[in-house]
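**Q** Show me how the following folds:
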Amino acid sequence: MSFVLPEEPETDPALTQLVIAWVTSENWGESRKFLSEHADELLTENAEIAVEELIEGNPDQEVLGLHQELLEAARVGGIDTAYDAIDESIRRFALAERLVAWVATQSWEEARALFDQHAEEFGTDEAESVLDELVDDNPGQPDLLAHQGLLSLIRLDGADFAFSILDEPEALGDLVTSSANRADPFRAIPRARLLAGLYPDNIGAQLALATTALIIGDRNEAMRAIARCAESLPQQQRAELAEQLAKLAEAQPELASGLASLQGILD
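**A** As a prediction, the model looks like this:
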């Protein structure tokens, strides 16, 4: 890796070379060690200037921007805190890759087998958090939504029970639209997410998720569900869905404000 050096640097050229040696460390462990050994020179304003000069001359070198952020973080919160954040990002990225592989399995049998292989890792708050982020970043991917609901149910009731729900989709649909589901706040949204992810083109499934989300106060989730409908429906069916929302608002006035927001997506 080579860098264009500043022609008239504001700082000592030796400091620029020290910065380059740091950013070209073989791995993050070596990078942390190097910064710790040269903290007196690198945790300085002059070192930040040297990094800025390198960025100006090498705008395509993303590694410089990353190390600029890392240097700022280390100066503010300390070296260990800055690198711990990187370690967390790397760990979460690797976990996201494994979760995507799980979502991409071709059958529920394969999904169960892969889950069992990673049960200890997938059954954590961090895995659920990473999957939540994947769903938020990819709202048009129903498989992610289904697995988001499934993972929550696995953590609540165990893998055997959660996967058994998939054998009776009609029963799942009846449960999601029942008052019993909404009386169970911990399972109401996961069940509705699972149903909506399994049947992304089913208006009733998306409407069930939207209304369930409104009941528990999650308007963003409700709006995403209706948006999925809006993207796939012709204008006539969009109008019909808007009418359903209006009737629902009359029947459940406590949801009227949220349902009005959902209607706005369909207009």
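
**Q** neighbours of A74, just the number please.
**A** Residue neighbour count, defined by other C-beta atoms under 10 Å, stands at 21 for A74. (C-beta placed from N, C-alpha, C; glycine too.)

**Q** shouldn't it be in contact with H38?
**A** No: using C-beta atoms under 8 Å, A74 is not in contact with H38; the gap is 11.5 Å.

**Q** in the longest helix along the chain, what's buried?
**A** Looking across the chain with DSSP state H, the single longest helix is helix 79-103. Residues of helix 79-103 classed as buried: 79, 82-83, 86, 95-96, 98-100, 102-103 (neighbour count, 16 or more other C-beta atoms under 10 Å).

**Q** just so I have it, where are all the helices in the stretch 51-200 of the chain?
**A** 62-77, 79-103, 108-117, 119-122, 125-137, 142-157, 159-165, 169-176, 179-182, 185-198 (DSSP state H, counting those that start in this stretch).

**Q** what's the closest of the ones you listed to E30?
**A** E30 lies closest to helix 79-103 among those, at 11.3 Å (C-beta to C-beta).

**Q** for the closest one, the distance to its chain's centre please.
**A** Averaging C-alpha positions (C-alpha atoms, centre = their mean, to the nearest Å) puts helix 79-103 12 Å from its chain's average.

**Q** Looking at that helix now, give me its mean pLDDT.
**A** Averaged across helix 79-103, pLDDT comes to 93.

**Q** so what does it touch, helix or strand wise?
**A** Applying 3 or more C-beta pairs under 8 Å, 6 or more residues apart in numbering; DSSP states H and E, we find helix 79-103 packed against helix 28-37, helix 62-77, helix 108-117, helix 119-122, helix 125-137, helix 142-157.

**Q** thinking again about what came up before, redo the helices of the stretch 51-200 of the chain as a markdown table? Include distance to L259.
**A** What follows is those, written out as a markdown table (distance: least, C-beta to C-beta, whole Å):
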| stretch | distance to L259 |
| --- | --- |
| helix 62-77 | 43 |
| helix 79-103 | 31 |
| helix 108-117 | 34 |
| helix 119-122 | 35 |
| helix 125-137 | 22 |
| helix 142-157 | 21 |
| helix 159-165 | 28 |
| helix 169-176 | 18 |
| helix 179-182 | 15 |
| helix 185-198 | 16 |
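
**Q** For E26, see how far away the closest residue to T212 other than its chain neighbours is.
**A** Nearest non-adjacent residue to T212, counting by C-beta to C-beta, 6 or more residues apart in numbering: A192, 4.4 Å away. Distance, A192 to E26, using C-beta to C-beta, to the nearest Å: 48 Å.

**Q** repeat for V51
**A** 19 Å.

**Q** Looking at these two, which is more packed in?
**A** It is V51, of V51 and E26, that has more neighbours when counted by other C-beta under 10 Å, with 26 against 8.

**Q** so which of the helices and strands packed on helix 79-103 is the most packed in?
**A** Most buried of the helices and strands packed on helix 79-103, by mean neighbour count (mean count of other C-beta atoms under 10 Å): helix 142-157, with a mean of 22.
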